[in-house]
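> Task: produce atomic coordinates for the following.
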Amino acid sequence: MQTTIKSTVSFTGVGLHTGKPVRIDVQPASAEYGIWFRRVDVVDADPFIPARWDAVVSSTLCTKLENDAGVAVSTVEHLMAALAGCGIHNALIEIDGPEVPILDGSSARFVRAFVKKGVRQLDTAVRAIKILKVVEVRDGEAFARVEPADDFEIDFHIDFIDEAIGKQSKSLGMANGAFVHELCDSRTFCRQSDVDYMLNSGMALGGSLKNAVVVDGAEVLTPGGLRHRDEAVRHKMLDAVGDLALAAAPIIGRYTGHRAGHALTNALVRAIYNTPGAFRMVDCDAVASAKLPGTGVSIRDIAGLPRFA
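Alright, predicted model coming up:
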């Protein structure tokens, strides 16, 4: 069945790129509502922004959503990943600024709060996007692809020149709380040269070693080092979960990303919708629902998450 959060949960922090303080309140919503943002600081235009693939307007360094009135919210991917990974299908997210707080650079704090608050089942079946044939988009050597599978699976590959990252690959079936156990605490990462460029360009004003893994060659500059040996590829998978959640329904299929980022994953979702016969919408019974991310996640599943998250 579809779900929503049991009651409102709030978060405060700073935007990664704006550096400005921001508060969000994730509120319960009815079945079929989906996920919507409401800019409570906007009074002279439509403040409601759909968390949907066709509202994505910019996705180079983050995923940005914008409505027809030009009202936007950015860096939504970690929050969307947490909602999808916890199996929350409906919510209204009130936000008092243009960017979701970065928190510790992962989805862990969102996940911890959602699981503690609990989810409420609604009296409507979950509809999912069942992939029927291969759909692929490319940008040079990078590509993103979906193909038929019995549940939601992710296969990701990255290749960076810095020895601290290098080549990494990971495959996961996303059932049985895999997002919570395997991905949600993995932080955004970047190279020191990227940090220097972004700061000189007026970007990443809220970035710090407290909310990102920064590497320089073979060295991890972030105090405490890595949470996982392959934290980088895990975070890319986390981002993919968040960007795929903008499909507006869970996906039943196998996603493969090779050097893929926000823009390529959004291009893939657009291609799925625009390719005749690529998918069909299916109502999920209890057996099918059990294979979706977040089903059956409980307090026990967050015991290993970082305490500060």
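> Helices of the protein, residue ranges please.
Taking DSSP state H as the test, the helices found in the chain are 77-85, 108-117, 178, 192-200, 231-244, 262-274, 286-289.
> Just give the number of residues close to the closest residue in space to Leu268 that isn't next to it in sequence.
Distance criterion C-beta to C-beta, 6 or more residues apart in numbering; nearest residue to Leu268, sequence neighbours excluded, is Ala144 at 4.2 Å. Where C-beta positions appear, they are placed from N, C-alpha and C, glycine not excepted. Other residues lying near Ala144 total 28 when counted by other C-beta atoms under 10 Å.
> Show me what Ala144 is bridged to.
Val137, Gly257 (DSSP bridges).
> circling back: rank the helices of the chain by mean pLDDT and give me the bottom one.
When the helices of the chain are compared on mean pLDDT, helix 192-200 scores lowest, with a mean of 77.
> Endpoints of stretch 225-239, how far apart?
21 Å (C-alpha to C-alpha, to the nearest Å).
> buried ones in it?
Neighbour counts over stretch 225-239 (16 or more other C-beta atoms under 10 Å) mark Leu226, Arg227, Asp230, Glu231, Ala232, Val233, Arg234, His235, Lys236, Met237, Leu238, Asp239 as buried.
> next one: stretch 18-29
Thr18, Gly19, Val22, Ile24, Val26, Gln27, Pro28, Ala29.
> And for Arg23, nearest residue in space, chain neighbours not counted?
Thr12 (4.7 Å).
> Next, the contact list for Gly97, please.
By C-beta atoms under 8 Å, 6 or more residues apart in numbering, the contact set of Gly97 is Gly15, Thr18, Lys20, Pro21, Val22, Arg23, Arg39, Asp41.
> Report the residue spans of the protein with pLDDT below the cut-off.
By pLDDT under 70, the low-scoring segments of the chain are 59-60, 203-205, 307-309.
> where does the residue of it most remote from its centre sit relative to Val71, distance-wise?
Within the chain, Asp44 marks the point farthest from the mean C-alpha position, 29.4 Å out by C-alpha atoms, centre = their mean. Here Asp44 is placed at a distance of 10 Å from Val71 (C-beta to C-beta, to the nearest Å).
> neighbours of the residue nearest to Arg23, just the number please.
Thr12 is flanked by 11 other residues according to other C-beta under 10 Å.
> residue contacts, it?
Pro21, Val22, Arg23, Ile24, Pro101.
> so what's the first one up against?
When contacts are counted by C-beta under 8 Å, 6+ apart, Pro21 touches Thr12, Gly13, Val14, Gly97.
> Make CSV out of the residues you listed and add distance to Ile251.
Below are the contacts of Pro21 laid out as CSV (distance: C-beta to C-beta, whole Å):
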residue, distance to Ile251
Thr12, 31
Gly13, 29
Val14, 31
Gly97, 30
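> What is the nearest of the residues you listed to Asn176?
Set against Asn176, the nearest of those by C-beta to C-beta is Gly13 (29.8 Å).
> For the spatially closest residue to the closest one that is not a sequence neighbour, list each beta-bridge partner.
Nearest residue to Gly13 in three dimensions, chain neighbours excluded: Pro101, at 2.9 Å (C-beta to C-beta, 6+ apart). Note on Pro101: beta-bridge partners by DSSP bridges are Gly15.
> Pro101 - how many residues pack around it?
24.
> contacting residues for it?
By C-beta under 8 Å, 6+ apart, Pro101 lies in contact with Phe11, Thr12, Gly13, Val14, Gly15, Val22, Arg23, Ile24.
> As JSON lines, the buried residues of stretch 225-239 with distance to Ser208 would be great.
Output for the buried residues of stretch 225-239, formatted as JSON lines (distance: C-beta to C-beta, whole Å):
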{"residue": "Leu226", "distance to Ser208": "17"}
{"residue": "Arg227", "distance to Ser208": "17"}
{"residue": "Asp230", "distance to Ser208": "23"}
{"residue": "Glu231", "distance to Ser208": "17"}
{"residue": "Ala232", "distance to Ser208": "18"}
{"residue": "Val233", "distance to Ser208": "23"}
{"residue": "Arg234", "distance to Ser208": "21"}
{"residue": "His235", "distance to Ser208": "17"}
{"residue": "Lys236", "distance to Ser208": "21"}
{"residue": "Met237", "distance to Ser208": "24"}
{"residue": "Leu238", "distance to Ser208": "19"}
{"residue": "Asp239", "distance to Ser208": "19"}
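> from those residues, which is closest to Phe160?
Taking these together and measuring to Phe160 by C-beta to C-beta, the closest member is Ala232, at 7.3 Å.
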